[in-house]
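A.B. asks: when you get a sec, could you give me coordinates for this:
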Amino acid sequence: MADLHDEPHTLPEVGELDDEAQAPPVTPDARLTAEGTTRDGQDLADAVGTPLERARALLAAHPVADGYSGLPWAPRHLPWYDLQLGESAVATDVPRLREGHVGALLWSLHLPEGLAAGRAVGATLEQLDLVRSVIAAHPEGLRLARSAGQVIDARNCGRVAVVLGPATAAALDDSLSILRVLHSLGVRVLTLGGTSWAGEAGLTRFGEEVVREMNRLGVLADLSGASDATVGRVLALSKTPVLCTRSAARALRPHPDNLPDDLLAGLGAAKGLCLVPLTSEQTGPSLRDVADHLDHVRAVAGPGCVGLSGAHDSGAAHPQGLTDACGYPHLIAELLDRGWPKTDITLLTWGNVQRVLRTADFTARAVQDRRMPSTARIEELDG
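C.D. replies: Numbering: from 1, shown residues only. The predicted structure is shown next:
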């Protein structure tokens, strides 16, 4: 089986792909064309009657890129599992991903609370080893993706693309060398916060150097749970769009991980992406509550700044009807019923995540031409 370093079906470099090449394939249904219309030119969103039917038609062409899955930690406690045929012990398996039209997943490498101090690096490497085993055991359903192009490649091959991250910032052990090693193993998203260099006061000088090195590598910054000061500084410093993989609207629900309107507006201005979590604690107990948060984020930050995070297998409670990936068509149907245009929904499900991944790839290549790997040490910059 291919390991983490295999890169099958290499695609052209970012910038060489035209818009059609970057779009996911449409359903085999002969009624639909690659432009999202029926054969007689009718818009896909209006091709069938009910909102749920229209939602499934849209998702067949523009699947969900789910911004947060807790699956990597869940199987370690199971004596046996089969994600390809279906696994009732977890909330994520290949049949449910296909039923919910999920085309890509960000797999969280976050560590459980209460982990002994000093274990973050080793535990993260164990997570990566488990990910390698899970993907190798399910080659017909899952494929590791290290870039936006490889996400498209996996989709074109009928696989669910797996992007590694977010990982916790503690896994760096205050070392830029470890950041580069994690990147070489496939990690593409790092959650900032909870360290001496990214805390309530914002970024220290070493924290700023971490962000610069992440830009050079193509590792995206996840600001979920970060302090407002850290969010503001990263937005000003990063040359790559940032993510909030588990943040909803604080104006609707005052959860500390949710973002106030001023930061949502700043995130939108910086072309970042707020991935609204499907969790009862952050968004509310019903599907309509989640839709309210999506409405609010789209209104404040813009349609290019909103995405979805299932947060399944993370230990969080979920709104009714969204307990696993099967619920996505029902959520999209609710948005269609509220008048969301097709263009905004395709950005929400697939387009915004692809844009951020492509931008990270492009920025990394540009920065690497003029910046060598940083050798800075926390003792030198932060004393």
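
A.B. asks: okay, strands next: where are they in the stretch 201-350 of the chain?
C.D. replies: Using DSSP state E, counting those that start in this stretch, the strands of the stretch 201-350 of the chain run over residues 202-203, 220-222, 243-244, 273-277, 306-309.

A.B. asks: in its sheet, which strands sit next to the first one, and in what direction?
C.D. replies: Looking at strand 202-203 with DSSP bridges, its paired strands and their directions are strand 198-199 (antiparallel).

A.B. asks: just the fourth one next, same as before
C.D. replies: When sheet partners are counted by DSSP bridges, strand 273-277 sits next to strand 243-244 (parallel), strand 306-309 (parallel).

A.B. asks: just name the most buried of the ones you listed.
C.D. replies: With neighbours defined as mean count of other C-beta atoms under 10 Å, the strands paired with strand 273-277 peak in mean count at strand 243-244, which reaches a mean of 31. Bear in mind the C-beta positions are built from the backbone N, C-alpha and C, glycine included.

A.B. asks: and the contacts of that strand?
C.D. replies: 67, 166, 189, 220-224, 259, 267, 272-275, 356 (C-beta atoms under 8 Å, 6 or more residues apart in numbering).

A.B. asks: pick the one among those closest to W73.
C.D. replies: P166 (12.9 Å; C-beta to C-beta).

A.B. asks: which other helices and strands does whichever strand or helix holds that closest one contact?
C.D. replies: Remark: P166 resides in strand 160-168, with elements defined by DSSP states H and E. Strand 160-168 is packed against strand 102-109, helix 120-137, strand 142-144, helix 148-156, strand 189-191, strand 220-222, with contacts defined by 3 or more C-beta pairs under 8 Å, 6 or more residues apart in numbering; DSSP states H and E.

A.B. asks: if we go to 6 Å?
C.D. replies: Under the contact criterion of 3 or more C-beta pairs under 6 Å, 6 or more residues apart in numbering; DSSP states H and E, strand 160-168 touches strand 102-109, strand 142-144, strand 189-191.

A.B. asks: what are the pairing partners of the second one, and which direction each?
C.D. replies: Its sheet considered, strand 142-144 pairs with strand 160-168 (parallel) by DSSP bridges.

A.B. asks: to the chain's geometric centre, what's the distance from stretch 105-118?
C.D. replies: 16 Å (C-alpha atoms, centre = their mean, to the nearest Å).

A.B. asks: in it, which residues are buried?
C.D. replies: Under the neighbour-count criterion of 16 or more other C-beta atoms under 10 Å, stretch 105-118 has L105, L106, W107, S108, L109, H110, L111 buried.
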